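[1] Sharing a sequence plus its predicted fold:
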Amino acid sequence: MSCKLSAIVAVSDDWGIGYEGDMIVSNKADMRRFVELTTGHTVIMGRRTLDSFPGGRPLKNRRNIVLTRDASFEREGVEVVHSVDEALDAIADEDEAWVIGGEEVYRQLLPFCTVAEVTRTHCLRLADTHFPNLDEDDAWEVVSESEPALIGADEEDHGIEYRFVTYRRPAATDEKEDAEPASDGQQATESPKRPQIRTMILYRSKHHGNTKKVVDALAKAFPGEIDTLDVATVDKKNPKVDLSPYHLIGIASGIYMGEIDKDLARVMQASVGTGDFVFSLLTYGGASKWYGKDIDGICRATHANFLAGHGCPGFDTWGPYKLMGGMNKGRPNDEDIADMIAWYDNLVQGYGDPLINEYEKRRRRAAWEAEHPDPTMMDKLKNTGRHLFGRKKKQ
């Protein structure tokens with residue numbers, strides 16, 4: 001891609017960029033800089049960023065591209081793309097283009113940017129969207145920095161210190177001279193980096209050990225990523241398990257009378273909370289008994305998110321099956337386990353990065369709230385005032 005792609009953003013001390021669709025700090029100098037740098041060029045944004053502009057109209061004197069998953073979205077004056085590749089193809093013939101938000105668009109396109117123009121605002125405020133912390137990313141370096149200045153006395157956020165910082169991604173190093181050619185005349189491709197998540201699998205394995213066999217195989221396949229806990233070891237009087245360090249929570253069980261183990265259900269109800277991300281791994285004797293409707297019901301009751309479930313047959317000697325020597329002898333077998341591992345791997349590849357981003361966002365919010373015991377009332381009052389009386393957006 002010959003186009004120079006840059007990002008432009010204003011951030012607070014914890015790299016927060018917005019709250020409830022609005023910028024967390026108003027700064028006319030930042031707005032003037034935004035206009036000066038982007039006018040006459042292409043800007044790429046998400047749909048919510050477009051909606052935050054006055055009347056939801058595109059920016060003047062710029063080519064406006066909106067990146068959205070909504071296949072039916074259209075709006076006068078904007079070009080719509082539905083993937084990063086489409087966005088890059090759309091600007092391939094441009095000299096320069098700017099990524100202007102929001103959070104997810106920044107994260108998707110930042111790897112293709114060579115420059116980031118960042119207004120560093122010296123304050124901490126409640127934020128629900130963030131920009132990646134470039135100071136903690138070895139791929140970026142500071143190449144210039146303005147002298148500190150204060151937001152003007154005639155502005156809402158007067159007296160707050162800010163500075164303009166330019167970050168640059170250093171030129172890529174030359175290809176390794178020792179690189180071995182790919183076999184069969186094909187070019188070698190680098191495997192995508194696996195998201196570094198943490199998973200806790202809560203399980204209960206009775207009778208024949210079907211579930212434990214699956215859980216142990218998963219933990220062995222992904223060492224350091226998956227922790228497991230047999231709920232039989234959990235105190236029945238205090239069944240709550242601390243799941244806060246984990247991005248993903250797995251619920252693994254056999255199926256008993258169409259439901260998961262009752263002890264496991266009790267621990268899940270006590271431990272899973274608002275916003276947690278849950279998946280299920282179930283083994284079953286009869287057909288069509290593994291779909292986990294009770295897991296989905298518990299997630300709904302605790303306001304957790306049930307992402308998906310997977311299951312396989314397991315050896316069962318319950319009831320009439322005992323008369324015939326058991327059902328599903330030898331299951332789960334090596335093929336079942338390999339299928340379970342592949343399914344979990346696909347789940348992590350698909351959800352991993354968004355889960356990490358969400359986890360970090362929540363961690364930052366918790367840290368902010370811990371530092372500011374009673375900050376939200378004032379922020380909400382100020383935000384209400386902004387919505388009632390309006391505030392000039394970037395033009």
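    Sure, I can see it.

[2] wouldn't Ala219 be in contact with Ile201 here?
    Yes: taking contacts as C-beta atoms under 8 Å, Ala219 lies within contact range of Ile201: 7.5 Å. Any C-beta I mention is one placed from the backbone N, CA and C, and that applies to glycine too.

[3] who touches both of the two?
    Common contacts of Ala219 and Ile201 (C-beta atoms under 8 Å, 6 or more residues apart in numbering): Ile226, Asp227, Thr228.

[4] Out of the residues you listed, which comes closest to Glu36?
    Closest approach to Glu36 among the shared contacts of Ala219 and Ile201 (C-beta to C-beta): Ile226, at 50.1 Å.

[5] That closest one: what's it in contact with?
    Ile226 neighbours (C-beta under 8 Å, 6+ apart): Thr199, Met200, Ile201, Leu218, Ala219, Gly250.

[6] Identify the farthest-apart pair in the residues you listed.
    The widest separation within the contacts of Ile226 (C-beta to C-beta) is 11.7 Å, between Met200 and Leu218.

[7] Those two: who's more crowded?
    Leu218 (23 against 19; other C-beta atoms under 10 Å).

[8] so what's the backbone phi/psi at that one?
    Dihedral pair for Leu218: phi -70, psi -50, per degrees, to the nearest 10.

[9] do Gly311 as well
    Torsion angles, degrees, to the nearest 10, at Gly311: phi -150, psi 170.

[10] how deep is it tucked in, by neighbour count?
    22.

[11] is it true that it touches Leu281?
    Yes: assessed by C-beta under 8 Å, Gly311 is found in contact with Leu281 at 7.2 Å.

[12] which ones among the contacts of Ile226 are found in helices?
    Leu218, Ala219 (DSSP state H).

[13] a helix runs through Trp368, doesn't it?
    Yes: using DSSP: H, G, I helix; E, B strand; the rest coil, the assignment for Trp368 is a helix.

[14] Could I get the full set of strands for the stretch 51-200 of the chain?
    In the stretch 51-200 of the chain, the strands defined using DSSP state E, counting those that start in this stretch lie at 63-67, 78-81, 96-99, 115-121, 129-130, 141-145, 149-150, 161-168, 199-204.

[15] which other helices and strands contact the second one?
    The one in question is strand 78-81. Packing partners of strand 78-81 (3 or more C-beta pairs under 8 Å, 6 or more residues apart in numbering; DSSP states H and E): strand 63-67, helix 84-90.

[16] now, of these, which is deepest in the fold?
    Across the helices and strands packed on strand 78-81, the average number of neighbours (mean count of other C-beta atoms under 10 Å) peaks for strand 63-67, which reaches a mean of 21.

[17] Let's see that one as PDB, backbone CA atoms only.
    Extracted in PDB, the C-alpha atoms of strand 63-67 (Å, rounded to 0.1, in the frame of the first residue of the first chain):
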ATOM      1  CA  ARG A  63     -13.300  12.100   1.700                       C
ATOM      2  CA  ASN A  64     -15.200  10.200   4.400                       C
ATOM      3  CA  ILE A  65     -15.000   6.400   4.600                       C
ATOM      4  CA  VAL A  66     -17.000   4.500   7.200                       C
ATOM      5  CA  LEU A  67     -15.900   1.100   8.300                       C
END
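
[18] Direction included, what does it pair up with?
    strand 42-46 (parallel), strand 78-81 (parallel) (DSSP bridges).

[19] State the mean pLDDT of the longest one.
    Along strand 42-46, the predicted local confidence has a mean pLDDT of 95.

[20] Domains in the protein, by residue range?
    4-181, 199-368 (automatic domain parsing).

[21] Can I get the ones you listed in JSON lines including distance to Lys382?
    Converted to JSON lines, the domains of the chain look like this (distance: least, C-beta to C-beta, whole Å):
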{"stretch": "domain 4-181", "distance to Lys382": "8"}
{"stretch": "domain 199-368", "distance to Lys382": "16"}
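
[22] between those, which gets nearest to Thr384?
    domain 4-181 (10.1 Å).

[23] my guess is Ile201 meets Asp216, correct?
    No: judged on C-beta under 8 Å, Ile201 makes no contact with Asp216 at a distance of 10.0 Å.

[24] give me the low-pLDDT residue ranges for the stretch 101-250 of the chain?
    Filtered on pLDDT under 70, the stretch 101-250 of the chain yields the residue ranges 171-193, 206-208.

[25] again, 80 this time
    Within the stretch 101-250 of the chain, the segments meeting pLDDT under 80 span 170-194, 205-210.

[26] Okay, helices next: where are they in it?
    103-109, 210-221 (DSSP state H, counting those that start in this stretch).

[27] Nearest to Asp339, out of those helices?
    Using C-beta to C-beta, the nearest of the helices of the stretch 101-250 of the chain to Asp339 is helix 210-221, at 10.2 Å.
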